[in-house]
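# based on what follows, work out the 3D shape:
(one chain, ligands or ions: 2)
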Amino acid sequence: PKASKAKIVHLEPLRSQRVRVFGWVHRLRVQKGLIFIVLRDGTGYLQAVLTGTATQTYEALTLGLESTVELVGTLQVVPEGKTAPGGHELAVDYWRLIGGSPGGEDAFSTRVNEHSDPSIQADLRHLVIRALSVKLTPLTTSWRSRPPCLVQTQVEGGATLFKLDYYGQPAFLTQSSQLYLETCLPSLGDVFCVQESFRAENSHTRRHLSEYTHMEAELAFIDFNDLMTHIETIICETVDILLANPATAALIKQLNPTFAAPSRPFLRMSYEDAIVWLTEHGIKRPAEDADEKPILDENGQVLMVDHVVGDDIAEAAERQMTDIIGKPMFLYGFPAELKAFYMKKMPAKDGKTFTESCDLLMPNVGEIVGGSMRIEDMDELVAAYKREGIPVEPYYWFTDQRKYGTCAHGGYGMGIERFLAWLANRYTVRECSLYPRWPGRATP
Ligand code: 4AD
Ligand code: MG
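Ligands and ions are numbered 1, 2, ... in the order given. Coordinates of the predicted model:
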């Protein structure tokens, strides 16, 4: 029988059925040809038993703490007198190692424990939170503990970082909480946060703030299609909730009388198709010289040229496109060289590399969400740092995410002010911020 994919916390109604679960090996015991695993996915713990030939494979013999696995089997109630988390146990009939965890035994049972040196515990906080796992959940959800604003790593490129002196060390105001959210997947499961992000972008546009409210989420064991469907669901369900509430529905009606909930599924257009679409619709971009200075024509006007594959689709072109199409749309599959270092690549095509990335574009605003799948492989990530000129050392905690039980994962960030500008039909995001900050403006 087909096995349904479920998070551990949702297993109870699936007792005696065949289920498929994904997670990290929290505990491991080998006994008389049986392998007992306590699996952790951030929502809970599940006891699983491997029997027979499944225990004799190379993967089984080398399985270690904090490896990631897929387990499929029948969920059985534990017999009277025995205990297991949730009162059930998974009798595994198929399993697969997703990411190994070399050195996991040493890292997690020796270095990360309450007896280790406090400075080691502080350095390894990203591993300590795995051990705390579900004990953290009430803490993080009840008073909304959040990723830090003061950081020493970039996310979206060095050019837009606000740098500061941190007790004599270089530090930045965070551009995005993404890297931290990724490290929370093994302890908290799928996560989101609402946190400030800061961008030193010297662009005076309708949609750029220097400080904005960023709603970000990260999801484990998903694929690119799941990610886009998830973003679409979040947007549509949020709109439904706002329209179902008489007070917010009246406010939206007043601010944006023609607003209608978008219909699903959203249009999905690949970056390459968008280049063709722009050319067909006569939407051009300013020509630039090697120093990124605009090239002028014989009349002293900026020379406009067609887009070709490899070009950035800048704000002006993006806005013309969304205004013509007139409904939410995903643009996906941007070229790797235009995108951030951490993005997962699609298989190369005619020598070009595109990424599993997507922007959600809305009429009147353009991009309100940016998301992607992330590089899973440690060596590939280290090569990506190098290519981007990023020093490897400050990212050790982010790299460790791939070292100890990696997994397919992805996420996204939504600018709340941009979402509001779309919803309330505001000309600029500055109207959607209490005290907006833009280049040159930090008062009052
Ligand atoms: O596309 P961005 O730069 O993506 C990230 O930061 C990812 N690390 C997010 C993630 O995957 N967790 O930013 C995400 C969104 C944009 O789509 C936009 O809505 C908003 O953040 N945003 C801004 N809003 C206002 N002013 C700015 N300067 C913004 N820059 C980005
Ligand atoms: Mg973006």
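# how long is stretch 431-444 end to end?
The separation between the terminal residues of stretch 431-444, taken as C-alpha to C-alpha, to the nearest Å, is 15 Å.
# and Ile324, how many neighbours?
Neighbours of Ile324 under the rule other C-beta atoms under 10 Å: 11. All C-beta spots, glycine's among them, are computed from the backbone N, C-alpha and C.
# which one is it nearest to, not counting chain neighbours?
Nearest residue to Ile324, sequence neighbours excluded (C-beta to C-beta, 6 or more residues apart in numbering): His281, at 6.7 Å.
# just want the residue of the stretch 1-150 of the chain that's nearest ligand 1.
Pro147 (10.5 Å; C-beta to the nearest ligand atom).
# who are the contact partners of that residue?
For Pro147, the contact set (C-beta atoms under 8 Å, 6 or more residues apart in numbering) comprises Thr174, Ser177, Tyr180, Leu181, Cys193, Gln195.
# dump the residue contacts of Leu255.
The neighbours of Leu255, taking C-beta under 8 Å, 6+ apart as the test, are Ala424, Asn425, Arg426.
# hmm, 6 Å instead?
Ala424 (C-beta atoms under 6 Å, 6 or more residues apart in numbering).
# and Leu46, by the same measure?
Here Leu46 is in contact with Ile8, Leu39, Leu90 (C-beta under 6 Å, 6+ apart).
# cutoff 10 Å now
Neighbouring residues of Leu46 by C-beta atoms under 10 Å, 6 or more residues apart in numbering: 6-9, 11, 19, 21, 23, 26, 37-40, 71, 75, 84-86, 88-90.
# among those, name the ones in strands.
19, 21, 23, 26, 37-40, 71, 75, 88-90 (DSSP state E).
# on that earlier part again, quick one: which of the contacts of Pro147 is nearest Ala260?
Nearest to Ala260 among the contacts of Pro147 is Cys193, at 29.9 Å by C-beta to C-beta.
# quick check: next helix or strand after the host helix or strand of that closest one?
Assigned by DSSP states H and E, Cys193 belongs to strand 191-198. Remark: after strand 191-198, the chain's next helix or strand is strand 211-220, criterion DSSP H and E.
# who touches the spatially closest residue to Leu50 that is not a sequence neighbour in this structure?
Distance criterion C-beta to C-beta, 6+ apart; nearest residue to Leu50, sequence neighbours excluded, is Ile35 at 4.0 Å. Contact analysis of Ile35 by C-beta under 10 Å, 6+ apart lists 25, 28-29, 48-51, 54-56, 60-61, 63, 92, 95.
# where does the prediction get shaky in this structure?
Along the chain, the model assigns pLDDT under 70 to residues 133-144.
# what parts of it come near ligand 1?
Residues of the chain lying near ligand 1 by C-beta under 6 Å from any ligand atom: 155-156, 176, 178, 199, 201, 208-209, 212, 214, 216, 367-371, 411-415, 417-418, 429.
# inside helices: which ones of those?
Among those, the ones falling in helices (DSSP state H) are Gln178, Glu417, Arg418.
# who wins on neighbours among those?
Neighbour-wise, these (other C-beta under 10 Å) top out at Gln178, 27 neighbours.
# which parts of the stretch 301-444 of the chain are helices?
315-325, 378-388, 396-403, 416-423 (DSSP state H, counting those that start in this stretch).
# deepest in the core, which of those helices is it.
Burial of the helices of the stretch 301-444 of the chain is given as mean neighbour count (mean count of other C-beta atoms under 10 Å); helix 416-423 ranks first at a mean of 22.
# where's that helix relative to the chain centroid, distance-wise?
20 Å (C-alpha atoms, centre = their mean, to the nearest Å).
# can you start the count at 28 instead of 1 from here on
Okay, using 28 as the starting number, the last item reads as helix 443-450.
# which elements pack onto it?
strand 238-247, helix 251-271, helix 273-282, strand 384-389, strand 393-400 (3 or more C-beta pairs under 10 Å, 6 or more residues apart in numbering; DSSP states H and E).
# report the angle between it and strand 218-225.
100 degrees (axes from the mean of the first three to the mean of the last three C-alpha atoms, to 10 degrees).
# next, the angle helix 273-282 makes with helix 443-450.
Using the same axes, to 10 degrees: helix 443-450 against helix 273-282 is 70 degrees.
# can you show me the CA trace of helix 443-450 as PDB?
Provided in PDB are the C-alpha atoms of helix 443-450 (Å, rounded to 0.1, in the frame of the first residue of the first chain):
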ATOM      1  CA  ILE A 443       5.600  42.800   4.700                       C
ATOM      2  CA  GLU A 444       5.500  46.500   3.500                       C
ATOM      3  CA  ARG A 445       5.400  45.200  -0.100                       C
ATOM      4  CA  PHE A 446       2.600  42.800   0.600                       C
ATOM      5  CA  LEU A 447       0.700  45.700   2.200                       C
ATOM      6  CA  ALA A 448       1.400  47.900  -0.800                       C
ATOM      7  CA  TRP A 449      -0.100  45.300  -3.000                       C
ATOM      8  CA  LEU A 450      -3.100  44.600  -0.700                       C
END
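# picking that back up, nearest to Thr285, of the ones in helices among the residues of the chain next to ligand 1?
Of all these, Arg445 has the smallest distance to Thr285: 19.1 Å, by C-beta to C-beta.
# mind listing what the residue lying closest to that closest one once chain neighbours are set aside touches?
Excluding the flanking residues, the one nearest Arg445 by C-beta to C-beta, 6+ apart is Ile395, at 4.3 Å. Ile395 makes contact with 234, 258, 262, 355, 386-389, 440-450, 456 under the criterion C-beta under 10 Å, 6+ apart.
# quick check, Leu55 in contact with Phe63.
Yes - under the criterion of C-beta atoms under 10 Å, Leu55 makes contact with Phe63 at 7.3 Å.
# ok so, going back, quick check: the residue nearest to Leu77 is in a strand.
Yes - per DSSP: H, G, I helix; E, B strand; the rest coil, Ile62 lies within a strand segment.
# before we move on, the earlier item: name the member of the ones in strands among the contacts of Leu73 with the most neighbours.
Counting by other C-beta under 10 Å, top hit in the ones in strands among the contacts of Leu73: Gly50 with 31 neighbours.
# same list (the ones in strands among the contacts of Leu73) but as JSON lines, adding distance to Ser297.
What follows is these, written out as JSON lines (distance: C-beta to C-beta, whole Å):
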{"residue": "Val46", "distance to Ser297": "35"}
{"residue": "Val48", "distance to Ser297": "33"}
{"residue": "Gly50", "distance to Ser297": "33"}
{"residue": "His53", "distance to Ser297": "40"}
{"residue": "Ile64", "distance to Ser297": "40"}
{"residue": "Val65", "distance to Ser297": "42"}
{"residue": "Leu66", "distance to Ser297": "37"}
{"residue": "Arg67", "distance to Ser297": "37"}
{"residue": "Leu98", "distance to Ser297": "35"}
{"residue": "Leu102", "distance to Ser297": "40"}
{"residue": "His115", "distance to Ser297": "44"}
{"residue": "Glu116", "distance to Ser297": "45"}
{"residue": "Leu117", "distance to Ser297": "39"}
